[in-house]
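turn this into a model:
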Amino acid sequence: MILSGIVFFIILSILVLVHEFGHFVVARISGVKVEEFALGLPFTRALWKRRQKDGMYVSLYPVLFGGFVRLLGEEGPEKRDDPKSFAHKKPWVRAAILVAGVSMNFLLAIFSLYLFFLLTGFKAFIPDFANYTFHNADQTRRVIVIDVAGDSPASQASLRQGDIIVAVDSIDIQSSDQFRQVIKEKAGSPVELTLYHQVALRPFSKMITPRENPPEGQGALGVAIGNVYEVSYNSFSQKLFSGVTAAIDWSGYTGVILGTLFQISLKEHDAAPVVSNLSGPVEIFSTVDSLIKIGGGESVLLIIQLLAIMSLNLAILNVLPFPALDGGRLVFVIIEGVTGKRLKAQWEQYIHQVGMALLLALMVLVSFKDIWRIFTK
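Numbering: from 1, shown residues only. Next comes the predicted model:
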């Protein structure tokens with residue numbers, strides 16, 4: 001649990017610091033004064049604060065689920081006359097500063113994906129939640145073990161949740177329906193399953209005998225299964241651009257899933273489909289803890305993959321046109337650039353404060369949901 005907490009803190013810190021470093025670098029290049037660079041949210045006094053030679057404070061706050069770069073003139077009085085003020089800069093400069101954080105998260109995801117692919121032979125298994133075609137890659141469906149019934153052939157063969165089944169007696173398996181049919185035909189006879197465990201680190205085999213008359217609701221092996229995408233980058237060009245195209249594809253795939261969930265929510269007039277699929281700090285910690293428990297190289301690879309996914313998700317979240325997020329701030333800058341008129345700083349600040357309050361309320365709601373889910377498993 002202690003190791004999980006350390007890894008959880010490191011992941012969040014990397015995500016936040018990389019994001020804020022993007023704002024920091026572009027602000028400095030643009031001549032904007034950075035007043036504070038902080039890890040954590042300033043709901044209380046800083047745990048630690050140090051003033052640099054240029055007047056910027058580097059700070060650490062207790063609420064470590066975020067961070068910020070405070071720029072001169074970004075909030076409060078507009079200070080348009082100060083050439084070092086954020087408010088003094090032209091709209092395109094402010095837009096560049098705002099999108100820099102998202103861009104850095106995207107670059108972090110690309111770097112993490114390249115590292116992940118180098119260690120896994122340029123292959124990834126991605127949950128099949130929606131129809132999607134991954135570009136610059138070879139793609140097929142595989143079968144994943146979702147659950148294993150006790151005292152079943154699968155349990156006796158030590159199959160685990162997360163095992164990816166790619167073949168049965170050298171028969172290439174490309175869907176759960178095909179797998180069920182092959183197993184049904186071989187009931188009563190030993191078969192060899194070729195599997196990976198969540199990542200394509202190394203394949204392994206298990207001998208298992210499907211039952212001819214299984215208990216009701218269990219099936220011949222006693223496993224609950226689903227589909228995953230196997231996405232492979234095999235040619236030189238596929239490997240060369242794998243990190244970039246995977247980052248774009250995984251972002252697009254996330255967008256397709258979110259769009260589907262929102263459509264369901266609108267159709268049913270119920271926010272549950274969206275909220276139930278959101279994860280807060282509690283669920284993320286639980287995920288990190290479960291990955292640590294796997295052990296060995298698989299844990300390391302899965303954590304690298306998680307870092308890439310979370311960095312992409314953070315980029316997608318921050319670019320949404322919602323108040324308090326970078327995307328929300330960007331909307332005001334774009335409106336100013338198009339109309340030539342700027343909303344009063346006090347009104348913009350108030351709108352972002354309301355947005356932040358709503359985001360924090362959502363985070364609390366999601367955290368309670370995650371805690372409830374953990375205790376009711």
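
which secondary structure state does Ala38 sit in?
Under the three-state scheme (DSSP: H, G, I helix; E, B strand; the rest coil), Ala38 adopts strand.

now do the same contact list for the nearest residue to it once chain neighbours are set aside.
Spatially, and ignoring its direct neighbours in sequence, Ala38 is nearest to Ser59 (4.0 Å; Cβ to Cβ, 6 or more residues apart in numbering). Any C-beta I mention is one placed from the backbone N, CA and C, and that applies to glycine too. Applying Cβ atoms under 8 Å, 6 or more residues apart in numbering to Ser59 gives the contacts 36-40, 42, 46, 48-50.

give me the lowest-pLDDT entry from those.
Scanning those for pLDDT, the smallest score is found at Pro42, 82.

that one contacts Phe68, doesn't it?
Yes. Look at Pro42 against Phe68 with Cβ atoms under 8 Å: they come within range, at 7.3 Å.

of these two, who's got more company?
The residue with more neighbours, out of Pro42 and Phe68, is Phe68; 19 against 16, by other Cβ atoms under 10 Å.

who does the more buried one form a beta bridge with?
Taking DSSP bridges as the rule, Phe68 bridges to Ala38.

how close does it sit to Ile97?
Between Phe68 and Ile97 the distance is 13 Å, computed by Cβ to Cβ, to the nearest Å.

the residue nearest to Ala38 and Phe86, how far apart?
19 Å.

repeat that for Ser232.
From Ser232 across to Phe86, the span is 45 Å (Cβ to Cβ).

neighbour-wise, which of these two wins?
The residue with more neighbours, out of Ser232 and Phe86, is Phe86; 25 against 20, by other Cβ under 10 Å.

burial count for Ser276?
Ser276: 12 neighbours (other Cβ under 10 Å).

can you tell me how far the closest residue in space to it that isn't next to it in sequence sits from Pro210?
In this structure, Ser276 finds its nearest non-sequential neighbour in Lys369, 7.1 Å apart by Cβ to Cβ, 6+ apart. In this view, Lys369 and Pro210 are 38 Å apart by Cβ to Cβ.

the more surrounded of these two?
Pro210 (22 against 18).

show me the shaky parts of the stretch 151-300 of the chain.
Scanning the stretch 151-300 of the chain for pLDDT under 70 picks out 272, 275.

so for the protein, the centremost residue is which one?
With distances taken as Cα atoms, centre = their mean, the chain has Met310 as the residue nearest its mean C-alpha position (2.7 Å).

that residue against Ile10, yeah?
No. Between Met310 and Ile10 there is no contact under Cβ under 8 Å: 12.0 Å.

sorry, back to before: now the residue nearest to Ala38, what's its secondary structure?
Taking three-state DSSP, the label given to Ser59 is strand.

could you export stretch 38-57 as CSV, CA atoms only?
Only the C-alpha atoms of stretch 38-57 are listed here, as CSV (Å, rounded to 0.1, in the frame of the first residue of the first chain):
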residue,chain,number,x,y,z
ALA,A,38,3.2,25.4,-7.6
LEU,A,39,2.4,21.8,-7.1
GLY,A,40,-1.0,21.4,-5.3
LEU,A,41,-4.0,23.6,-5.0
PRO,A,42,-4.0,26.7,-2.9
PHE,A,43,-6.9,26.0,-0.6
THR,A,44,-4.7,26.4,2.4
ARG,A,45,-1.3,28.0,3.2
ALA,A,46,1.6,26.5,1.4
LEU,A,47,3.6,23.7,3.1
TRP,A,48,6.7,25.1,1.5
LYS,A,49,7.5,28.2,-0.5
ARG,A,50,10.8,29.6,-1.8
ARG,A,51,11.4,32.9,-3.6
GLN,A,52,13.7,32.8,-6.6
LYS,A,53,16.1,35.5,-7.8
ASP,A,54,13.7,36.7,-10.4
GLY,A,55,10.9,37.1,-7.8
MET,A,56,9.0,33.9,-8.8
TYR,A,57,7.8,31.7,-5.9
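
what residues sit buried inside it?
38-42, 46, 56 (16 or more other Cβ atoms under 10 Å).

could you measure the residue nearest to the centre of the chain against His19, distance?
As defined by Cβ to Cβ, Met310 lies at a distance of 11 Å from His19.

ok so, going back, just the closest of the contacts of Ser59 to Gln305, please.
Proximity of the contacts of Ser59 to Gln305 (Cβ to Cβ) peaks at Leu39, which lies at 23.8 Å.

excluding sequence neighbours, find me the nearest residue to that closest one.
Excluding the flanking residues, the one nearest Leu39 by Cβ to Cβ, 6+ apart is Gly67, at 4.6 Å.

now for the one you found: which residues touch it?
Per Cβ under 8 Å, 6+ apart, neighbours of Gly67: 16-17, 19-20, 38-41.

I'd say Phe43 and Phe65 touch.
No. At 10.6 Å, Phe43 does not count as touching Phe65 under the criterion of Cβ under 8 Å.

three-state assignment of Phe125?
strand.

which residue is the nearest non-sequential neighbour of it?
Looking at Phe125 with Cβ to Cβ, 6+ apart, the closest residue is Val228, at 4.8 Å.

that neighbour sits in which helix or strand?
Using DSSP states H and E, Val228 falls within strand 223-232.

show me what that strand packs onto, helices and strands only.
strand 123-127, strand 138-148, strand 163-168, helix 176-185 (3 or more Cβ pairs under 8 Å, 6 or more residues apart in numbering; DSSP states H and E).

ranges for the strands of the stretch 151-300 of the chain?
163-168, 171-172, 191-197, 199-208, 223-232 (DSSP state E, counting those that start in this stretch).

JSON lines for those strands, including distance to Gln156?
JSON lines is the format used below for the strands of the stretch 151-300 of the chain (distance: least, Cβ to Cβ, whole Å):
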{"stretch": "strand 163-168", "distance to Gln156": "14"}
{"stretch": "strand 171-172", "distance to Gln156": "22"}
{"stretch": "strand 191-197", "distance to Gln156": "13"}
{"stretch": "strand 199-208", "distance to Gln156": "8"}
{"stretch": "strand 223-232", "distance to Gln156": "12"}
